[in-house]
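> structure, please.
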Amino acid sequence: MPTNVSPEFSKAQSKYLEAKTDEERLGALKEMIKFMPQHKGAEALRANIRQRFKKLRQYLEKKERQKKIRKKEGIKKQGIQVVLCGLTNSGKSSLLSILTNAKPLIAEYEFTTKKPILGALNYQGLLFQIIDMPAINHENFEQGLANTADILLVVITKPEELEETLPFLEKSIGKKIVVINKIDLLSQEEKRKFEARIKTKRFPCCLVSCKTSEGLENLKSILFENSEVIRVYTKEPGKAVDKTPIIMPANSTIGQLAEKIFKKGIKIKEVRITGPSSKFPNQKVGLKHQLKDKDVVEFYTN
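So this is what the prediction gives:
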């Protein structure tokens, strides 16, 4: 190594040699690049340091991506996935706690939620997997979950918070429902104006208070209405109707239901249906018949 190096370079080099983590080594290399000698005799040294810095940075970036992927893979989607999104102290954790079996940390200070927390809500035969996310402007906010969830509950306490939150959800494919939280702190007139303002944005809207439980049953009902699925009950010939529904996407057909139930090779001789989509009880229908919520379907097979 050239002897005519600056004291700053020597100090950075010592930091590199004494570093215990890759992150510390990367920081030391960055300093070495800043203070490395610029004369011609140091060309090889400069190239070597830049190469080490590049390789170490790429390694750490890859490691971080893999870490994020593993983190996302840790949440297996079940039922209808609902993500709570909003700013810090909007009451997302309180909402998760009162809607589900989850026990998140609830506190007055900012950024209480540091990682996604799961809870389950069973309502009207549907399973809702509800996830409380870190605040949208927190470094641990899981953009991938927000983009792929079936429903997004956008939790706000002031009208202007909606405008701050929506830019983070532009790539989200799920249905957005605005939840106006902490309404126990608002007057009747404030609630009326607040709700009217949000409705101009053409989002489904619900006013709730985790403190008084006001609006929570209405929120569950709105979740159900926006789930875009139907409950279909099956019945074996000569037996009672199965009490557990099969959850299907809205506008599914008898054929799609059969594909979900039966193995390939099973021949369906006849299908009868009773319920909202039938003209009369026990109506005989074909595989293209479109199902509706709470239909009861009876398959006859070979």
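> gap between residue 238 and residue 165?
Relative to residue 165, residue 238 is positioned 54 Å away (C-beta to C-beta, to the nearest Å). C-beta coordinates here come from the backbone N, C-alpha and C atoms, glycine included.
> and the two? which has more neighbours close in?
Between residue 238 and residue 165, counting by other C-beta atoms under 10 Å, residue 165 is the more crowded of the two (22 against 6).
> which residues touch whichever strand or helix holds that one?
Secondary-structure element containing residue 165, defined by DSSP states H and E: helix 159-165. Among residues not part of helix 159-165, those counted as contacts by C-beta atoms under 8 Å, 6 or more residues apart in numbering are 85-87, 90, 136, 154, 156, 178, 194, 197-198, 201.
> buried sites along it?
Of the residues in helix 159-165, 161-162, 165 count as buried by neighbour count, 16 or more other C-beta atoms under 10 Å.
> now the helix or strand hosting residue 146: mean pLDDT?
In this structure, residue 146 is located in helix 143-148 according to DSSP H and E. Helix 143-148 comes out with an average pLDDT of 84.
> next one: stretch 241-249
On average, stretch 241-249 scores 90.
> same question for stretch 257-269.
Averaged across stretch 257-269, pLDDT comes to 87.
> next: stretch 216-232.
Mean pLDDT, taken over the full extent of stretch 216-232, equals 92.
> pull the residues that contact it.
For stretch 216-232, the external contacting residues (C-beta under 8 Å, 6+ apart) are 80, 82, 98-99, 121, 123-126, 128, 150-151, 175, 177, 179, 204, 206, 208, 210, 245-250, 252, 257, 291-297.
> which ones among these map onto strands?
Within these, membership in strands is found for 80, 82, 121, 123, 126, 128, 151, 175, 177, 179, 206, 246-249, 295-297, as judged by DSSP state E.
> can you name every helix or strand that the worst-scoring helix or strand of the chain on mean pLDDT contacts?
The least trusted helix or strand in the chain, going by mean pLDDT, DSSP states H and E, turns out to be helix 43-73, with a mean of 78. Counting contacts by 3 or more C-beta pairs under 8 Å, 6 or more residues apart in numbering; DSSP states H and E, helix 43-73 packs against helix 22-35.
> what's in contact with the helix it packs on?
Outside of helix 22-35, the residues within contact range by C-beta under 8 Å, 6+ apart are 5-6, 8-9, 11-13, 15-16, 19, 46, 49-50, 52-53, 56-57, 59-60.
> what's the neighbour count on the nearest residue to residue 57 once chain neighbours are set aside?
Taking C-beta to C-beta, 6 or more residues apart in numbering as the measure, residue 57 lies nearest to residue 26, with 6.1 Å between them; neighbours along the chain are not counted. Here the count is done by other C-beta under 10 Å, and residue 26 has 17 residues near it.
> next one: residue 177
For residue 177, the tally of surrounding residues (other C-beta under 10 Å) stands at 20.
> not counting sequence-adjacent ones, nearest residue to it?
What sits nearest to residue 177 in space, not counting adjacent residues and going by C-beta to C-beta, 6+ apart, is residue 204, at 4.7 Å.
> mind listing what that neighbour touches?
Residues near residue 204 by C-beta under 8 Å, 6+ apart: 175-178, 222, 225-226.
> hmm, back to that, what's the helix holding residue 146 in contact with?
Surrounding helix 143-148, the residues in contact under the criterion C-beta under 8 Å, 6+ apart are 72, 75, 81, 83, 85, 116, 131, 133, 152, 168-169, 171-174.
> which other residues reach stretch 46-65?
Outside of stretch 46-65, the residues within contact range by C-beta under 8 Å, 6+ apart are 22-23, 25-26, 29-30, 32-33, 36-38.
> please redo it, this time with the cut-off set to 10 Å
Residues from elsewhere that reach stretch 46-65, judged by C-beta atoms under 10 Å, 6 or more residues apart in numbering: 1, 9, 12-13, 16, 21-23, 25-26, 28-30, 32-33, 36-39, 42.
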